[in-house]
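Trainee: Prediction below, plus the sequence it came from.
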Amino acid sequence: MRLNRFLAAAGIGSRRQCDALIEAGRVTVNGKPCTDFSFQPGERDHVKVDGKLVHVDLPFTIILHKPAGFVSTKSDPHARDTIFDLLPGKFPRLFNVGRLDAQSEGLLILTNDGDLAQRFTHPRYKIEKEYEVTLDRPWDPSLAPKLLRGISLDGERAIIARLRALTPTRLRVILRQGINRQIRNMFHEIGYEVKRLVRVRIGNLRLGDLPRGHWRPLTKREIESVEVEATTSAANREPLRVARPATTATKK
């Protein structure tokens with residue numbers, strides 16, 4: 001197991017993040033800095049990051065139903081509740097794959113498997129994320145093309161891949177990007193405020209009936225489905241499709 005994969009398996013971060021730590025000289029093996037990316041630690045090697053000994057746990061991945069009011073971080077300077085407060089104390093060291101802002105709810109993935117995390121987050125895989133969005137007033141379907149064409153947010157083109165109305169104020173929205181607070185900011189730009197935001201799906205993984213604040217481990221089949229989807233999605237992804245609202249007769 002190469003050094004960056006070893007660090008990723010220990011829950012230090014993604015392989016790309018671990019590469020940066022190695023390059024910066026923050027990784028030592030048996031007391032000496034190691035910048036050899038091809039080095040493979042053995043059972044008797046002592047690997048440390050910033051002076052802290054690194055242990056490799058068995059791969060472990062869970063999904064969590066994040067409630068509103070919890071932040072997606074290990075600790076918070078404002079002493080808010082974090083998603084890790086929802087997990088048992090004696091638990092493998094996990095890191096969250098992506099985030100949900102404090103007000104948002106729904107599906108989060110936590111893992112100590114850096115390779116798996118990269119399959120969810122690397123842009124080339126284009127893993128879909130599906131959300132249920134509740135707006136502050138009835139939705140105007142004529143505004144959909146603006147969201148589907150894209151809106152500039154802080155110099156970056158933010159695009160909604162698909163959207164579908166469920167009720168007058170509730171929509172299903174699918175993203176293939178990971179811009180911070182993307183949905184809230186995009187709807188704000190066209191005059192709406194998001195009252196509630198719940199992520200219900202990431203790739204083939206669904207929130208289902210998992211209660212708020214609860215978690216469950218991924219099954220072997222689910223992990224395999226993630227690997228298959230990541231391998232095929234970038235090459236076979238269909239062009240974006242516009243979800244057109246059903247037309248209704250208007251009274252003259």
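Mentor: Looks like it arrived, so ask away.
Trainee: I am assuming Gly69 contacts Ile83, so please confirm or correct that.
Mentor: No - at 10.6 Å, Gly69 does not count as touching Ile83 under the criterion of CB atoms under 8 Å. Quick note: C-beta positions are derived from backbone N, CA and C, even for glycine.
Trainee: These two - which one has more neighbours?
Mentor: Higher neighbour count among Gly69 and Ile83: Ile83, with 22 against 10, using other CB atoms under 10 Å.
Trainee: And the more buried one, what's its pLDDT?
Mentor: Looking at Ile83, its pLDDT stands at 94.
Trainee: what's the answer for Arg137, then?
Mentor: Looking at Arg137, the pLDDT reads 97.
Trainee: which residues sit in contact with it?
Mentor: Counting by CB atoms under 8 Å, 6 or more residues apart in numbering, Arg137 makes contact with Thr169, Tyr192.
Trainee: What of Gln118?
Mentor: With CB under 8 Å, 6+ apart, Gln118 has these contacts: Ser14, Arg15, Arg16.
Trainee: quick one: which of these has the most company?
Mentor: Counting neighbours by other CB under 10 Å, the top entry in the contacts of Gln118 is Ser14, with 22 neighbours.
Trainee: okay but that one is in contact with Thr121, surely?
Mentor: Yes - between Ser14 and Thr121 there is a contact at 6.9 Å, judged by CB under 8 Å.
Trainee: And stretch 139-147, what's buried?
Mentor: For stretch 139-147, burial by neighbour count (16 or more other CB atoms under 10 Å) applies to Trp139, Pro141, Ala144, Leu147.
Trainee: so who does the spatially most central residue of the chain touch?
Mentor: For the chain, the residue whose C-alpha lies nearest the mean C-alpha position (CA atoms, centre = their mean) is Gly98; its distance is 3.0 Å. Applying CB under 8 Å, 6+ apart to Gly98 gives the contacts Ser72, Leu108, Ile109, Phe120, Thr121, Gly178, Ile202.
Trainee: The last one reaches Ala117, doesn't it?
Mentor: Spelled out, it's Ile202. No - in this structure, Ile202 is not within contact of Ala117 by CB under 8 Å, at 11.7 Å.
Trainee: Who has more neighbours out of those two?
Mentor: Ala117 (25 against 21).
Trainee: Let me know the secondary structure of the more buried one.
Mentor: helix (DSSP: H, G, I helix; E, B strand; the rest coil).
Trainee: where's it relative to Pro123, distance?
Mentor: 14 Å (CB to CB, to the nearest Å).
Trainee: quick one on the thing from earlier: for Ile202 and Ala117, list the residues in contact with both.
Mentor: Here Ile202 and Ala117 share the contacting residues Ile109, scored by CB under 8 Å, 6+ apart.
Trainee: ok, and the closest non-adjacent residue to His214?
Mentor: Setting aside the residues directly before and after it, His214 is nearest to His65 in space (CB to CB, 6 or more residues apart in numbering), at 5.6 Å.
Trainee: which one's the longest helix in the protein?
Mentor: Longest helix of the chain, by residue count under DSSP state H: helix 220-236.
Trainee: Return the set of buried residues in that one.
Mentor: For helix 220-236, a neighbour-count test (16+ other CB under 10 Å) marks Ile223, Val226, Glu229, Ala230, Ser233 as buried.
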